[in-house]
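> sharing a sequence plus its predicted fold:
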Amino acid sequence: MIIKVLGSAAGGGFPQWNCNGFHSAKVRAGVAGYRPRLQSSLAVSSDGANWVLLNASPDIRQQINETPELQPVKNGALRNSPIKAVVLTNADVDHITGLLSLREGQPFSIYAADRVLATLESNSVFDVLAKDKVRRIPFELNVPTRLEGAGVDLGLVVEAFAVPGKVALFLEKGDASGNFGSREGDTIGLKITDAKTGKSFFYIPGVAEIDEPLAGKIRNAELLFLDGTLFEDDEMLTQGLLNKTGKRMGHISVSGPDGSVSALSQLNVKRRIYVHINNSNPILDENSEARKVVDASGWEVGFDGMEVRL
Ligand code: MLT
Ligand code: MN
């Protein structure tokens, strides 16, 4: 199984278009120790020929242009694509809007939880993906599902499971007492298994906390890509960027007693990689103290173009 990080940044990317904050300004200026990052997406393949996108970011066109494996096969049909399916973990703008760039009549499958499919259904712009070509397939949570797309068995089995989190920002209703109207399936984690080798990994780009059920799932895993949005819960406030904590946004922080470094320290996950990294996160600076903390704890900071083979 081949896994590629297409975009390691959170919504907005790095630098974000309108952000002149400390880190965005540095990466824009080309300061050493910073690398630009596209928005949140991975690609996975069991055979190297047929690919599944895990989330479809607004940067998808650039991601395809920078990834030869995702481009039309040279001696193939006049129109062809190795991308046979897209799996969505939530309805974040950074995770669904890339679908709009996949129009043009190419067949593939979209897999997502009911709640996320309902969001696509209620936004008629997604009808550019004609349903007779692009099937929308609801996940039954906690049930392993064998992926197929464009008539091809993709050799991958996905188990989708609800994780602590929040409905997408643009769908929030009411106040925090109702967790903004969030329901099961608004945010899911994925366990992806290569049907042939039995090897598996977890992809959880948005999660509010590592609770007991989630800890139980990922314990002893070989590989995990996890929500690395923020280093400190209040860093958006202290940097003057946005009046919201990570908790308010439904994202666990990297540091602190409830953070992911601490929560994972006893779970024996062999390889741990941060993705969905926000432009405020000091780990984006390779020379920062925060980055040293992460490096010393055995975590890796995902980057665009990163490839992992399992
Ligand atoms: C998030 O991950 O919290 C969202 O992508 C935020 C957003 O939609 O800008
Ligand atoms: Mn996001």
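That came through, no problem. Keep in mind it's a predicted model, so treat the numbers as computed, not measured. Ligands and ions are numbered 1, 2, ... in the order given.
> please count neighbours and contacts with C-alpha atoms only from this point.
Noted.
> now A56. Nearest residue, chain neighbours left out?
G98 (4.4 Å; Cα to Cα, 6 or more residues apart in numbering).
> tell me both backbone torsions, phi and psi, for the one you found.
phi -60, psi -20 (degrees, to the nearest 10).
> for the stretch 201-310 of the chain, which residue gets nearest to ligand 1?
Nearest to ligand 1, among the residues of the stretch 201-310 of the chain, is M249, at 5.2 Å (Cα to the nearest ligand atom).
> no, scratch that, I was asking about the chain
Closest point on the chain to ligand 1, by Cα to the nearest ligand atom, is G11, at 4.3 Å.
> host element of the nearest residue to that residue once chain neighbours are set aside?
Spatial nearest neighbour of G11, chain neighbours left out: D94 (4.9 Å); criterion: Cα to Cα, 6+ apart. Take DSSP states H and E as the rule and D94 turns out to sit in helix 93-96.
> ok, residues contacting that helix?
With Cα atoms under 8 Å, 6 or more residues apart in numbering as the test, helix 93-96 has contacts from 10-12, 39-41, 55-58, 88-90, 168.
> show me what contacts G151?
By Cα under 8 Å, 6+ apart, the contact set of G151 is empty.
> tell me, how many residues neighbour E286?
16 (other Cα atoms under 10 Å).
> my bad, should have said Q62
Residues near Q62, counting by other Cα under 10 Å, number 12.
> phi, psi of it?
The phi/psi pair for Q62 (degrees, to the nearest 10) is phi -70, psi -40.
> what does A25 give?
With angles defined as degrees, to the nearest 10, A25 sits at phi -60, psi -40.
> so it sits against C19, correct?
Yes: at 7.5 Å, A25 and C19 qualify as touching, with contact defined as Cα atoms under 8 Å.
> near ligand 1, which residues of the chain?
Residues of the chain lying near ligand 1 by Cα under 6 Å from any ligand atom: G11, D92, V93, D94, L169, M249.
> just the buried residues of those residues.
Listed as buried from the residues of the chain next to ligand 1 are G11, D92, V93, D94, M249; burial here means 16 or more other Cα atoms under 10 Å.
> wait, which of those residues is closest to S280?
S280 has its nearest neighbour among those in G11, at 11.6 Å by Cα to Cα.
> for the closest one, grab phi and psi.
The phi/psi pair for G11 (degrees, to the nearest 10) is phi -50, psi 130.
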